[in-house]
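> 3D, please:
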Amino acid sequence: MMSRLNRQTAARFRCTALTLVTLSACACVAAQKDSQKDPKALIASVCANELAADRNDHSAYMYRDHDITPEHDTLYQIIETPDGILKRKLEDHGHPISPEERQADEAGIHKLLGDPALQRRLRRDSAHDDEQAEQLLKLLPTAFLWTIASENGDLITLNFKPDPTFDPPNMEARVFADMYGQVVIARNDNRIRSMHGTMLEDVKIAYGIIGRLHKGGTFQVEHREVAPHHWQLTDLHVHIVGRILFNFKTIGSQEDETKTDFKPSPAQTLQQAWEIMNPPPAKTASAAKPR
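Numbers count the residues shown, from 1 in each chain. So this is what the prediction gives:
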């Protein structure tokens with residue numbers, strides 16, 4: 001969830017104005033003070049702020065993405081741009097990739113750089129993921145029953161469980177709404193810091209004909225402030241056992257993803273991102289010395 005549950009790969013660029021961010025944060029804190037006695041109003045305020053941040057904060061970053069699934073264990077270098085993201089493979093199962101793997105990876109990157117149609121398709125896929133994540137975020141206040149579990153300084157923890165009166169609008173919402181868990185909120189910025197959930201019962205779609213997800217499945221996401229008032233999804237852990245016949249594009253059924261080393265991205269295009277990944281070799285002192 002949160003704007004990457006979507007693996008949120010949509011390009012992000014700098015915030016419109018720092019004053020707008022500051023005013024928004026102050027307004028959210030004030031609204032939260034009024035809603036703390038009502039956990040449903042509190043989560044609604046936080047979700048509204050997450051959606052507003054996703055619309056208004058267009059910051060772009062460079063980072064490392066370690067992604068583990070049953071099929072692979074790969075470390076990537078990621079650079080975000082307005083045209084999408086550029087991703088280069090660095091390691092496979094903890095070891096630097098071989099020259100042959102690097103050659104194949106770079107061939108794929110050059111194909112992307114030279115294919116505007118492929119770039120548009122990847123942007124459409126990313127936009128679809130973002131829309132799906134946004135819809136699930138909007139469901140948080142209404143799909144669950146909320147209670148305040150604890151308060152500790154800037155952090156407030158809410159428990160959630162399925163609301164039996166909730167009518168899911170689609171299959172994704174049906175799976176999402178059958179979770180029990182907790183959300184931790186950072187009050188100063190009114191943002192979701194972490195969320196984890198567990199399926200306590202089997203989830204059957206169309207009486208099990210379309211799919212069945214077994215109880216005990218879990219998910220956990222972590223959200224961190226990587227720059228003042230700029231939050232990014234840093235950890236995603238999904239472990240769900242079962243089968244289902246629709247494509248849950250934003251998450252896999254077994255996946256552990258960790259993002260680290262965030263830095264602002266200066267790249268305006270995918271080509272510039274490639275040049276950042278491949279800086280020209282530094283001149284040696286002897287080469288720089290005139291003859």
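
> When you work out contacts or count neighbours from here on, use the C-alpha atoms and nothing else.
Will do.

> In terms of pLDDT, where does the closest residue in space to Arg193 that isn't next to it in sequence sit?
If the residues on either side of it in the chain are set aside, Arg193 comes closest to His223, at 4.8 Å by C-alpha to C-alpha, 6 or more residues apart in numbering. Per-residue confidence for His223 comes out at a pLDDT of 93.

> His223 is in contact with Ile185, isn't it?
No. In terms of C-alpha atoms under 8 Å, His223 does not count as a neighbour of Ile185; the distance is 9.9 Å.

> Mutual contacts of the two, please.
Ile192, Arg193, Ser194 (C-alpha atoms under 8 Å, 6 or more residues apart in numbering).

> Out of those residues, grab the one that's most surrounded.
The most crowded member of those, judged by other C-alpha atoms under 10 Å, is Ile192 (25 neighbours).

> quick one: that one is in a helix?
No. Under DSSP: H, G, I helix; E, B strand; the rest coil, Ile192 sits outside any helix and is assigned strand.

> Return the distance of it relative to Ile43.
The spacing between Ile192 and Ile43, counted by C-alpha to C-alpha, to the nearest Å, is 9 Å.

> what are the ranges of the helices in the stretch 101-250 of the chain?
With DSSP state H, counting those that start in this stretch as the criterion, the stretch 101-250 of the chain has helices at 116-143, 171-176.

> Among those, show the one with the smallest mean pLDDT.
Set side by side, the helices of the stretch 101-250 of the chain give their lowest mean pLDDT on helix 171-176, at a mean of 72.

> Show me what it is packed against.
Under the contact definition 3 or more C-alpha pairs under 8 Å, 6 or more residues apart in numbering; DSSP states H and E, helix 171-176 sits against helix 116-143.

> what about the strands in this structure?
Taking DSSP state E, the strands of the chain run over residues 61-68, 73-81, 84-92, 95-96, 144-152, 155-162, 179-186, 191-199, 203-205, 211-213, 218-227, 230-239, 242-244, 254-264.

> how much does the first one deviate in direction from strand 84-92?
Read it as strand 61-68. Angle of strand 61-68 versus strand 84-92, following axes from the mean of the first three to the mean of the last three C-alpha atoms, to 10 degrees, is 50 degrees.

> Can you work out which other helices and strands pack against strand 61-68?
Checking 3+ C-alpha pairs under 8 Å, 6+ apart, strand 61-68 ends up next to strand 73-81, strand 254-264.

> just to revisit the earlier point, which one of the helices of the stretch 101-250 of the chain lies nearest to Pro264?
Relative to Pro264, the nearest member of the helices of the stretch 101-250 of the chain by C-alpha to C-alpha is helix 116-143, separated by 20.2 Å.

> That closest one relative to strand 144-152, how many degrees between them?
Computed by the same axes, to 10 degrees, the angle between helix 116-143 and strand 144-152 is 90 degrees.
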